[in-house]
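1. From the sequence below, what's the structure:
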Amino acid sequence: MVLPVDYNIPIKDRKGKYHLFRPILVSVSGGKNIAYVTESGIEIKREPQHRYKNRVNRRKSSICPNCGMRHTLNRKYEQRTPIFIDDLNETELNELNLLEQSGEIKRFDDDVYYFPKTTMIGGVEYELPIKTETIIERRYFTDGNEVYGYISGHTLRNYAGLTRQVPSFLEVTTNKETEPVRDSFVGSKRVVTHRPPTAVNKNNAHILQFLDLMILSEPDHIDEISMYLFREWLRENPIIYDDLLPYITFFPEIVSINLEKRIIRDELTQRY
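-> Now for the predicted structure:
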C-alpha cells in the first residue's frame, strides 16, 4: 500500500544541511516504513508510523497555519453555520483573515463568516450560500443549546393570528441587544431588535413572549377567526395564568389590564 503526502518535509543530512523530500507510507515485509522520494531515487527510512504521523502533523501546522485553524473552526462550526467575529479571540481573527484570503471561508457580512458547502447538480459543482434565516436564528434566538431571544411585537401578533397584516420587517427581543431598540439589516432582511425587560432563557422565553403579545393586543376587538388562531398558538405554546405572575411587573400596565379581560383570562384558566 502507498499513501502519498501532498507536501514536502525537510530532512537534515549528516552534514546538517536540510533537503526537501516527499514522504509516502509503504508496506515493506508486512511492516510500516517511510520511503522518501528524492532526485536520486527512493530512500527507505525505518520509522514507526505513529512517530511519522506526529512529525508530519507538527510540520504541517508550522508550514500551513491555515490548516490548524480550519481544523479548530471545523470542530466549532459546521458548514453553512454562521461564525460571528465577536465570538473569536484576537488570534482566531488574524487566522480567519488568512482563511478568507485562501477562499476556505466566505464572508456573508462585515461581521459574519461561514464555511461554504458545495453540491453537484447535473455534473456541475455549485456552492450553497448560507441562509439569512440561519444567521438570524443563531444571532438573536438560540445557539442550539441556550435560548436568548424570541419573536415579538408586530411580527408576533401576526404569528399568533391577532392580526392578518404581515409586517415588512422582523421584530425580535433578545439578550444580545443592549439598546432599548435598534433597527438594522441582516443581509437584505430588516430586523428591529428590542432589549428584554429581564433575561431570556429556555424556561421563560414563551412566557415573556406571551406577555409581550399582550402589549399590542386589543382583546375587546378580537374577531372569531383571530380568536381561533390565537387558541391554536396557545396550544403550541402552553401557558397558565400562574406562569405569568413572576414576570408581569416587568411589563407596562396595559399588560395587566389585558390579562384581566375575560376572553384572555378564560383561555388561560382553562389550561389547568
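2. okay, now residue 112: neighbour count?
-> Neighbourhood size, residue 112 [other CB atoms under 10 Å]: 19. Where you see a C-beta, it was placed from the backbone N, CA and C, and this is true even at glycine.
3. wouldn't residue 171 be in contact with residue 159 here?
-> No: applying CB atoms under 8 Å, one finds residue 171 not in contact with residue 159, separated by 10.3 Å.
4. What segments of the stretch 101-250 of the chain are strands?
-> Remark: strands assigned in the stretch 101-250 of the chain by DSSP state E, counting those that start in this stretch are 106-109, 112-114, 117-121, 124-128, 149-151, 170-174, 181-186, 189-194.
5. To residue 210, which of the ones you listed lies closest?
-> strand 149-151 (9.8 Å; CB to CB).
6. contacting residues around that closest one?
-> For strand 149-151, the surrounding residues in contact (CB atoms under 8 Å, 6 or more residues apart in numbering) are 140-142, 156, 159, 170-176, 196, 200, 205-206, 208-209, 212.
7. between the strands of the stretch 101-250 of the chain, which one is nearest to residue 93?
-> Among the strands of the stretch 101-250 of the chain, strand 112-114 sits nearest to residue 93 (CB to CB), with 10.3 Å.
8. strands paired with the closest one, and their directions?
-> Here strand 112-114 is paired, per DSSP bridges, with strand 83-84 (antiparallel), strand 106-109 (antiparallel).
9. the more surrounded of residue 171 and residue 159?
-> Higher neighbour count among residue 171 and residue 159: residue 171, with 20 against 16, using other CB under 10 Å.
10. Residues in a beta bridge with that one, which ones?
-> Going by DSSP bridges, residue 171 forms beta bridges with residue 192.
11. residues in contact with it?
-> Taking CB under 8 Å, 6+ apart, one finds 151, 152, 153, 154, 155, 156, 191, 192, 194 in contact with residue 171.
12. Test my guess that the fourth one contacts residue 162.
-> I take that to be residue 154. No: counting by CB under 8 Å, residue 154 does not reach residue 162; the two are 9.9 Å apart.
13. between these two, who's got more neighbours?
-> residue 162 (23 against 18).
14. is it true that that one touches residue 230?
-> Yes: the criterion here is CB under 8 Å, and residue 162 meets it with residue 230 at 6.0 Å.
15. what's the burial count for residue 170?
-> 19.
16. which residues does the closest residue to it other than its chain neighbours contact?
-> Leaving out its chain neighbours, the residue that sits closest to residue 170 by CB to CB, 6 or more residues apart in numbering is residue 191, at 4.9 Å. By CB under 8 Å, 6+ apart, residue 191 lies in contact with 136, 140, 169, 170, 171, 172, 183, 184, 185.
17. Need the per-residue pLDDT for the residue lying closest to residue 183 once chain neighbours are set aside.
-> Nearest residue to residue 183 in three dimensions, chain neighbours excluded: residue 192, at 5.4 Å (CB to CB, 6+ apart). We note a pLDDT of 97 for residue 192 in this prediction.
18. Show the low-confidence segments of the stretch 51-200 of the chain, by residue range.
-> Scanning the stretch 51-200 of the chain for pLDDT under 70 picks out 51-71.
19. and the gap between the nearest residue to residue 248 once chain neighbours are set aside and residue 247?
-> Counting by CB to CB, 6+ apart, residue 256 is the residue found nearest to residue 248 once chain neighbours are left out, at 5.8 Å. Residue 256 is 11 Å from residue 247, where distance means CB to CB, to the nearest Å.
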